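S.K.: A predicted structure for the sequence below; I have some questions about it.
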Amino acid sequence: MRILHLIQRYWPARGGAESHLGELSARLAAEGHQVTVATTNALDFELFWDRRSRRVVGAKETYNDVRILRFPVRHLPGSSLTYAGVRRFLWLLSMARPVPVGVLFRLARFTPWVPDLERWLVTTDEPFDLVAGMTICFEPLIEMGLRFARRRGLPFVSYPLTHLGAGSRPGTDALSRFYTMRHQVALVRDSDAAVVQTPAEGTFYASLGISLARLVVGGPGVAPAEVLGGDRARFRQRHNLQGPVVVSLSAMSYDKGTIHLVQAVRRLWREGRQVDLVLAGAVLAPFQHYLSTLPEADARRLKVLGPVDDAEKRDMLAAADIFAMPSRTDSFGIVYLEAWLYRLPVIAARTWGVSDVVSDGEDGLLVPFGDVPALAQVLNRLLDHPVEQAALGSRGEQKVYRQYTWEHRYAPVRDLYARLIGSGR
């Protein structure tokens, strides 16, 4: 099979979607299929709206036998607020039903704006058998891929990775509406198949009239051999950690629940609880500003590592007692699987999609997003009950080996590709 994948960022950029598509692409290539990934040159997520952020150098390279083509991100005139303004205007137009979907697509093409990729898709004569695009909140790239596939008469697969939020129904809270706009849903509807992360995501799209026959639950997995092997003592010594350790691994932001986690741990400190909080991942500007407002004594107690490499991540998970990422902007949460491989109990926000992954009281604990007292309460509960900690983590580990290794998750997607190519869609 000759496969073209499109995604907003790719290796060496780090993130859940990047990891997911990277593993699928590498496994396909290892089986002898020709895989090309067309992406942007963004290393930092913020490059899409902030031209000062870091870029990946080099337009072409091969990694894990996957050919990578990188196209530069362009920026509209004005400040970085322009990007956010266009996204909000899109949301308003999406709710205005008389506005055609085509108008939304024309405006969305600037967020992110990658004209060289669009030009390549129009002019290339390279042969492909199937095209797939990942991440619905970067819909310009998916829309480019869908148009390319239709011109060529090729099957197109979408991976929406829809953030369905924490509302009373999927896709109804204020944030998730930025991932479920009319033109975004139209892309999923027009795909020959959509690979959804969880049953909740599949049910959401089925409720919008998309045939169940075109929805495949094929969320990400983990490769235990690549995750395990961390050194608990080494990490604790390096960072001077003496007591219980809570860790979080994500881009640090309000929507990822990082601020709420810090607030909850500060409550525990005021109660005299001896616990360390270790935060790893990209430090986004709003969170950096939040850190600058903390009392100096609290700021010094936090262990803010920033982005970490794989070796440091393994050591960090080995050193932890509890993993917490109470996010409302995750469609799945690969890091929960990685934490379970170290038999850690996980704390997550009660959101659509994540609730399909983390079973409350079985292998982790769910709290309402943004509820700092509830978050502090479950942290205290786990710290006071090591037997419960161990039981939750052990059941999480069993769940990973039972259904979330790549040996379970890869084959259905590969077979979907083969069926679509063999049937001519």
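M.R.: That came through fine.
S.K.: please make it C-alpha for all contacts and neighbour counts, starting now.
M.R.: Noted.
S.K.: look up how far residue 159 lies from the spatially closest residue to residue 60 that is not a sequence neighbour.
M.R.: Excluding the flanking residues, the one nearest residue 60 by CA to CA, 6 or more residues apart in numbering is residue 69, at 4.9 Å. Residue 69 sits 20 Å away from residue 159, going by CA to CA, to the nearest Å.
S.K.: ok, these two, which is more surrounded?
M.R.: residue 159 (24 against 19; other CA atoms under 10 Å).
S.K.: now the more buried one: how far from residue 193?
M.R.: The value you get for residue 159 to residue 193, if CA to CA is used, is 9 Å.
S.K.: what sits against residue 323?
M.R.: 246, 247, 248, 336, 339, 344, 345, 346, 347 (CA atoms under 8 Å, 6 or more residues apart in numbering).
S.K.: pop the domain breakdown of this protein in here.
M.R.: 2-221+406-423, 225-403 (automatic domain parsing).
S.K.: gap between the two ends of the longest one?
M.R.: So the one you mean is domain 2-221+406-423. End-to-end for domain 2-221+406-423, by CA to CA: 15 Å.
S.K.: before we move on, what about stretch 231-251?
M.R.: 23 Å.
S.K.: how about that stretch: buried residues?
M.R.: 231, 235, 236, 241, 245, 246, 247, 248, 249, 250, 251 (16 or more other CA atoms under 10 Å).
S.K.: ok, stretch 277-285 next?
M.R.: Neighbour-count burial for stretch 277-285 [16+ other CA under 10 Å]: 277, 278, 279, 280, 281, 282, 283, 284.
S.K.: which residues does stretch 41-60 contact?
M.R.: Under CA under 8 Å, 6+ apart, the answer for stretch 41-60 is 8-9, 12-13, 67-75, 79-84, 111-113.
S.K.: return the subset of those residues lying in strands.
M.R.: 67, 68, 69, 70, 71 (DSSP state E).
S.K.: the second one: neighbour count?
M.R.: Residues within reach of residue 68, counting by other CA under 10 Å, total 21.
S.K.: for it, give me its contacts.
M.R.: 36, 37, 38, 39, 59, 60, 61, 62.
S.K.: among these, the buried ones, what's the ChimeraX command?
M.R.: Those of these that count as buried under 16+ other CA under 10 Å are selected in ChimeraX with:
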select :36,37,38,39
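S.K.: returning to that earlier point: so which of the buried residues of stretch 231-251 comes closest to residue 180?
M.R.: For the buried residues of stretch 231-251, the minimum distance to residue 180 (CA to CA) is 21.9 Å, reached by residue 251.
S.K.: these two touch, right, the closest one and residue 286?
M.R.: No. Taking CA atoms under 8 Å as the definition, residue 251 is not a contact partner of residue 286, at 11.2 Å.
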